[in-house]
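S.K.: can't give you the sequence, but here's the structure:
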């Protein structure tokens, strides 16, 4: 049960960053038996699912390298990634009662939304830089994180859960610091206008 929960959370977390890479890895893992997976992972083992995910991943791979195109792509995926995170969570968690399935979907969507908005915000800030290299570095780093976390979740689910917990903590700490900075700046701005 812990392995199932850990995988579910890790894949939902990854879906918010790159849904198509996550689904592609899940499909290939189920197809080629990289690790022994529960039967519910068979939903990803279909040619249409695998090829669609891989083609969309290739498109996203290119779109993520172009400043402002990446932000447009992220905007389009503001609904798609959290929805994908919910679907992945329900699919990977397996057969449960309807209330538990609903809770799993909400948690999966929330995790994917958290990482999606973190990614989109980071990319929007990077787009203000005049050079294109920061986009490339961020994009390649995101891809490495998603694919790496998926492999860790498949082989060592509890370790993946620890990685997700650490990354979520970092997201919360940075978000709180950014909000404090914005509040200070807003207060200073109001003080000058008086």
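M.R.: It's in. Because the structure is predicted, anything quoted here is derived from the model rather than measured. Residues are numbered from 1 along each chain as shown.

S.K.: rest of the way, CA atoms for contacts and neighbours
M.R.: Will do.

S.K.: tell me which residues of the lowest-mean-pLDDT helix or strand in the chain are tucked away?
M.R.: Scoring the helices and strands of the chain by mean pLDDT, DSSP states H and E places helix 157-193 at the bottom, with a mean of 86. Neighbour counts over helix 157-193 (16 or more other Cα atoms under 10 Å) mark 157-161, 163-164, 168 as buried.

S.K.: swap in stretch 11-26?
M.R.: Buried residues in stretch 11-26, counted by 16+ other Cα under 10 Å: 11-26.

S.K.: those residues in strands, which ones?
M.R.: Among those, the subset assigned to strands under DSSP state E is empty.

S.K.: just the ones of those in helices?
M.R.: 11-26 (DSSP state H).

S.K.: reformat the buried residues of helix 157-193 as CSV; add distance to residue 98.
M.R.: Output for the buried residues of helix 157-193, formatted as CSV (distance: Cα to Cα, whole Å):
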residue, distance to residue 98
157, 25
158, 26
159, 29
160, 26
161, 24
163, 29
164, 26
168, 27
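
S.K.: pick out whichever of those sits closest to residue 61.
M.R.: When the buried residues of helix 157-193 are compared for distance to residue 61 (Cα to Cα), residue 164 wins out at 22.7 Å.

S.K.: for the closest one, give me its contacts.
M.R.: Contact partners of residue 164, counting by Cα atoms under 8 Å, 6 or more residues apart in numbering, are 9-10, 13.

S.K.: count of residues packed around the residue nearest to residue 127 when sequence neighbours are not counted?
M.R.: Among residues not flanking residue 127 along the chain, residue 67 sits closest, at 5.6 Å (Cα to Cα, 6 or more residues apart in numbering). Counted with other Cα atoms under 10 Å, residues neighbouring residue 67 total 22.

S.K.: again, but for the one 5 residues further on
M.R.: Residue 72 is surrounded by 14 other residues when neighbours are defined as other Cα under 10 Å.
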